[in-house]
Structures are given as structure tokens and as C-alpha cells.
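Enquirer: structure for the following, please:
(one chain, ligands or ions: 1)
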Amino acid sequence: MSENTKCSSDASCGTCGSATGCEAAAKAKHTEQKLVSRLSKIKYRVAVMSGKGGVGKSTVAVNLAVALARSGKSVGLLDADVHGPNVPKMLGIDHMVPSMGINGMSPVVASDNLKVISMAFLIEDPDTPVVWRGPMKHSLFQQFLSDVEWGTLDYLIVDLPPGTGDEPLSIAQLLGQPLWAIIVTTPQDVALLDSRKSVVFARTVDMKILGIVENMSGLICPHCGGSIDLFKTGGGARSATELAAPFLGAIPIDPQIVTNGDAGVTIDTADPDGTSAEAFRKLANQVELATSRVLDN
Ligand code: ADP
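Expert: Okay, the predicted model is just below:
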């Protein structure tokens, strides 16, 4: 800062020594500039949301990211579920740690074209709960976005925690616009009710709705390969129509998703010719189509 523009409050706190005044303002400005610079290299930012937990939001985020990466897109996956960061386990990379480079933290490379950052990489004991209030999570996300060297990406997929609390608000604020939202639901009426709240929330914070995904939509019979409507089907598509949001597709209930997810293998590797892997590829195609259509217009 030049002599002429010297800040009148350029002093540290006498009690705790924290930066105050100009020093803090300069730091905040620097972080903001880093954030803007990092985000300028990301073509599409997509938040994966759900009204409640257990509907397969992380499963969809992980398998969508994998399918996009396999189709040749450069993808970053940010696990923003601070309290239940399951993404590294689902990808079989939970033993890895991000390295520090000259330009910041390097994300963990999960496979060709796929980089991942998660709170799970930073906690030593996975059984220890993270007891953090909103502002701490906000600064963690700020670091995940501005201090992590994501590089040039086609897609940054953000796996948000369920619901409409602090985390989606922080992510919406930090990622700015355009930020796309994918809402994951299961076909039961109660889940659909919650997913509608997510759609309204996303619109309230100016996210653009990329669409609704119906997960656990019919069970694939392990014997004959036929479909059994265990939790009903079609609710996601109906909700999408009612809410004037696109319907992006349905993913069946597949026991292999559970066993392989627990073992850290995605369905694309475990059963590439199966119905579920095909459903995730179709979802990735829909996402590519929808995002490129909007950018081209
Ligand atoms: P959320 O992120 O919404 O809390 P998860 O993605 O962690 O949900 O999934 C919860 C559980 O459901 C996991 O054990 C996961 O393997 C399982 N699951 C998710 N999607 C499917 C599916 N389509 N078929 C079978 N099991 C699934």
C-alpha cells in the first residue's frame, strides 16, 4: 500500500495479536483475488444437492464425476460434506493426502481427468466428529476453492451436505454465478417433498436448476435383470414437471452400488456394461448437453 493511501486502522490487536485494519483487509482482498482467478479457469460449476440424507446424493455426485471424466472432461470433485465426507471412501482414495505445491494445495488425483478435495483427507481419525460452526465451514470452503490448485476444469462438481443450511449458502456465495444445481431424490412422496424445498432454496440463492435425478428408481432383479418398483418410480419426473425443472434421468437400485461403494470401486469399473453404469453415463450426457446448450445460447 502506498504512503498516500495508508489505512488509518493499520494495526494489530493489542490483546490477541490478530491482524486487524489494513492487514486484514489486504489479506481478504488477496483471498478474493485468488478465488476469482481459480474460478475463472472452471467452465461449469455444479452443486449436487438433496433435501435429506441417504437418498444417494454422494453416490450420484461421485459417479457423475467419474462418468464425465471418462468421457474426456476435466473434472474436479469437491466434497463439501464436512461432517460426513464419504467421497474419498467411495473412490477408494481415502488413504491418500493432498500435497503442497508452490501455488497451493494439490488435489488428490483419483483417476485420469478427476481431482478430488475433501475434509476426509485432512482429519486423522475418521471416527472423530468435526464440531464446527458455520463461519469455520465457510472459511474451509474458501480455502478449498482459493488455495487448492484445481487448474483448468470443464466441471467442478460440489457434493453438498443434505438440506438447506449453512453449507449450500456458503458455496453459493463463494462460487458466484452461474452455479448449477442438480437435485437428487428418491421416488417416495416424503423424499420428493424434501427435494422440492431444495429446488426452491436453489432458486432463492440464484442457482440455476440443471435438473432433478431420481435415484433408487426401481430394483434390478439380480436373477433375471428385470425391474421391480420397490420404492415406486416416476416421482422425480412428476416433481420436475410440477416445478418446471428439467428431469435428468433415473438411476436404479443396484446392490452392486452399495458393495462396490463400500469397497471404493465405482460402478463404472465394477460393472461397466451394467444398467447402473449406463444410467450414470446417460446422466453425464444430459449434464453435458444441458450445460453446453446454455453456454452456447
Ligand atoms: P447421501 O449422500 O444422500 O447421504 P449416499 O450417496 O451416501 O447418500 O448413499 C447412501 C447409501 O445408499 C450408500 O450405502 C449407497 O451405497 C447407497 N446407494 C446410493 N444409491 C444407490 C442405488 N442407486 N442403489 C443402491 N444403493 C444405493
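Enquirer: contacts for the helix or strand harbouring Arg196, please.
Expert: With elements taken from DSSP states H and E, the one containing Arg196 is helix 189-204. With Cβ atoms under 8 Å, 6 or more residues apart in numbering as the test, helix 189-204 has contacts from 47, 49-52, 55, 164, 168, 181, 183-185, 209, 212, 235-236, 238-239, 242-243, 245. All C-beta spots, glycine's among them, are computed from the backbone N, C-alpha and C.
Enquirer: so who does Gly101 touch?
Expert: Glu149.
Enquirer: how close does it get to the ligand?
Expert: 30 Å (Cβ to the nearest ligand atom, to the nearest Å).
Enquirer: same check on Ser111?
Expert: For Ser111, the distance to the ligand - Cβ to the nearest ligand atom - is 19 Å.
Enquirer: what's around the nearest residue to that residue once chain neighbours are set aside, how many residues?
Expert: Nearest residue to Ser111 in three dimensions, chain neighbours excluded: Ala69, at 6.4 Å (Cβ to Cβ, 6 or more residues apart in numbering). A count of nearby residues for Ala69, using other Cβ atoms under 10 Å, gives 24.
Enquirer: on that earlier part again, buried among the contacts of helix 189-204? Make that a PyMOL selection.
Expert: Entered in PyMOL, the line below selects the buried ones among the contacts of helix 189-204, by 16 or more other Cβ atoms under 10 Å:
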select buried, resi 47+49+50+51+52+55+164+168+181+183+184+185+209+212+235+236+239+243+245
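Enquirer: strands - which of the contacts of helix 189-204 land there?
Expert: 47, 49-50, 181, 183-185, 209, 212 (DSSP state E).
Enquirer: show me what contacts Arg45?
Expert: 39, 155-156, 158, 175, 178-180.
Enquirer: wait, does the longest helix along the chain contact the ligand?
Expert: If you go by DSSP state H, the chain has its longest helix at helix 275-296. No: contact of helix 275-296 with the ligand (Cβ under 6 Å from any ligand atom) is absent, the minimum separation being 6.6 Å.
Enquirer: for stretch 264-278, the distance to its chain's centre please.
Expert: 20 Å (Cα atoms, centre = their mean, to the nearest Å).
Enquirer: going forward can the numbers begin at 638, since that is how I track them
Expert: With the count now opening at 638, the last piece we talked about shows up as stretch 901-915.
Enquirer: tell me the mean pLDDT over it?
Expert: Mean pLDDT, stretch 901-915: 94.
Enquirer: CA atoms only for that stretch, dumped as PDB, please.
Expert: What follows is stretch 901-915, C-alpha atoms only, in PDB (Å, rounded to 0.1, in the frame of the first residue of the first chain):
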ATOM      1  CA  GLY A 901     -14.100 -47.900  -3.000                       C
ATOM      2  CA  VAL A 902     -14.800 -49.100  -6.600                       C
ATOM      3  CA  THR A 903     -17.200 -47.100  -8.700                       C
ATOM      4  CA  ILE A 904     -19.900 -48.900 -10.700                       C
ATOM      5  CA  ASP A 905     -18.200 -47.800 -14.000                       C
ATOM      6  CA  THR A 906     -15.200 -50.000 -13.100                       C
ATOM      7  CA  ALA A 907     -17.100 -52.800 -11.300                       C
ATOM      8  CA  ASP A 908     -19.800 -53.400 -13.900                       C
ATOM      9  CA  PRO A 909     -19.200 -51.200 -16.900                       C
ATOM     10  CA  ASP A 910     -21.800 -52.900 -19.100                       C
ATOM     11  CA  GLY A 911     -24.500 -53.000 -16.400                       C
ATOM     12  CA  THR A 912     -27.700 -50.900 -16.300                       C
ATOM     13  CA  SER A 913     -26.400 -48.600 -13.500                       C
ATOM     14  CA  ALA A 914     -23.200 -47.700 -15.200                       C
ATOM     15  CA  GLU A 915     -25.200 -47.000 -18.400                       C
END
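Enquirer: quick revisit: also within reach of the ligand: list those from the contacts of helix 826-841.
Expert: Within these, those near the ligand by Cβ under 6 Å from any ligand atom are 687, 692.
Enquirer: show me where pLDDT drops low in this protein?
Expert: Across the chain, the ranges flagged by pLDDT under 70 are 638-658, 768, 931-934.
Enquirer: quick one: the strands in it?
Expert: 679-687, 712-716, 736-738, 741-743, 745-748, 751-755, 790-796, 816-822, 845-851, 856-857, 864-865, 884-887.
Enquirer: out of the ones you listed, the one nearest Thr896 is which?
Expert: strand 856-857 (13.6 Å; Cβ to Cβ).
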